[in-house]
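Visitor: Sequence plus the predicted model coming up.
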Amino acid sequence: MKIRLGHLLSNTLLAVTTVVLTFSATALEKVTVFAAASLTNAMQDISAIYTAEHKDVDIVYSFASSSVLAKQIEQGAPADIFMSADQKWMTYLTDKKLANNKQDLLKNALVLIAPANSKVNNVNINRNTNWNTLLPKGEKMAVGDPSHVPAGLYAKESLTNLGVFAKLEPQLAPASNVRDALMLVERNEAVLGIVYSTDAKVSDKVKIVATFPADTFTPIEYPIALVKTDVTPAAKAFYQYLSSSQAKAIFEKYGFVTH
């Protein structure tokens, strides 16, 4: 009987321990953030610091083009927070009453990049830039897809205002998001690329060879909003943290301009 009782107590303790561990594992409050691909590194650093201080919170990310994320949210994807790389796709959701508490969080710059070993350096971009030399016939320039990706839309707007978009369009290599455009240049699959300044700065395989004139495109702003009207306290707290001095310091480390 003692042996059986011992086994019974042991099994009971094991069951209780399992229940406690299971409860602990599921007790984390999940906050789902849909964020523009260009925010990847900064947001991962921010969540690492935040969750170290808030051990009951789990930050889950979906990084992609703002257009893709906005469409997913429209279709019912369970996001708590949306961080867009442009105003257009944020407005798209706010107009449909799918995002609220919108605020402008960050700014960025548009740059021309080349592989780190490229001979191209210190380009002055204006209406007289010699693109025939920069982008010889048969070579490609990587951009976010100009039909919907914010980085590509900014690139198209700038090149159009510079009077060269129609000429360069056949040589553009459209990518699904700005990080994929960066990757094409990193792999030497494109001799040039147009990305955000912050994307270029996280890669040692590319270099910035020029900055596009700010007056040739709409200011690059990153608005942020809550997606659900019944947002959880954990999601609201993280949303507010993204405007804190601690979060801003990390954004600025990656080259963003904070409001």
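Guide: Happy to help now that I have it.
Visitor: Mind listing what's buried along stretch 207-220?
Guide: 207-210, 212, 216-217, 220 (16 or more other Cβ atoms under 10 Å). Where C-beta positions appear, they are placed from N, C-alpha and C, glycine not excepted.
Visitor: Endpoint to endpoint, that stretch covers what distance?
Guide: End-to-end distance for stretch 207-220, by Cα to Cα, to the nearest Å: 20 Å.
Visitor: tally of neighbours for His130?
Guide: No, residue 130 isn't His; it's Asn. 8 (other Cβ atoms under 10 Å).
Visitor: any idea of the pLDDT on it?
Guide: The model reports Asn130 with a pLDDT of 96.
Visitor: All the strands of the stretch 101-250 of the chain, in order from the start?
Guide: 110-115, 141-144, 172-175, 192-196, 206-211, 220-226 (DSSP state E, counting those that start in this stretch).
Visitor: For Glu29, find the nearest of those.
Guide: strand 220-226 (15.1 Å; Cβ to Cβ).
Visitor: what separates that closest one from the chain centre, distance-wise?
Guide: 11 Å (Cα atoms, centre = their mean, to the nearest Å).
Visitor: next one: stretch 237-249
Guide: The answer for stretch 237-249 is 16 Å, by Cα atoms, centre = their mean.
Visitor: right, and Thr258 touches Leu105 too?
Guide: Yes. Taking contacts as Cβ atoms under 8 Å, Thr258 lies within contact range of Leu105: 7.2 Å.
Visitor: Who has more neighbours out of those two?
Guide: Between Thr258 and Leu105, counted using other Cβ under 10 Å, Leu105 has the larger neighbour count: 21 against 16.
Visitor: From Asn41, how far off is the more buried one?
Guide: The spacing between Leu105 and Asn41, counted by Cβ to Cβ, to the nearest Å, is 16 Å.
Visitor: again, but for Ser176
Guide: The value you get for Ser176 to Asn41, if Cβ to Cβ is used, is 18 Å.
Visitor: Let's have the strands of the stretch 101-250 of the chain in a markdown table, adding mean pLDDT and distance to Val123.
Guide: As requested, those are exported to a markdown table (pLDDT from 0 to 100; distance: least, Cβ to Cβ, whole Å):
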| stretch | mean pLDDT | distance to Val123 |
| --- | --- | --- |
| strand 110-115 | 98 | 6 |
| strand 141-144 | 98 | 12 |
| strand 172-175 | 98 | 17 |
| strand 192-196 | 98 | 9 |
| strand 206-211 | 97 | 4 |
| strand 220-226 | 97 | 20 |
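Visitor: hmm, back to that, just give me the closest of the buried residues of stretch 207-220 to Thr94.
Guide: Ile220 (18.6 Å).
Visitor: list the contacts for that closest one?
Guide: 85-86, 107-110, 150, 154, 196 (Cβ atoms under 8 Å, 6 or more residues apart in numbering).
Visitor: Just put those in a markdown table and tack on distance to Thr229.
Guide: What follows is the contacts of Ile220, written out as a markdown table (distance: Cβ to Cβ, whole Å):
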| residue | distance to Thr229 |
| --- | --- |
| Ala85 | 24 |
| Asp86 | 24 |
| Lys107 | 28 |
| Asn108 | 29 |
| Ala109 | 35 |
| Leu110 | 35 |
| Pro150 | 26 |
| Tyr154 | 31 |
| Tyr196 | 31 |
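Visitor: This completes my enquiry, with thanks.
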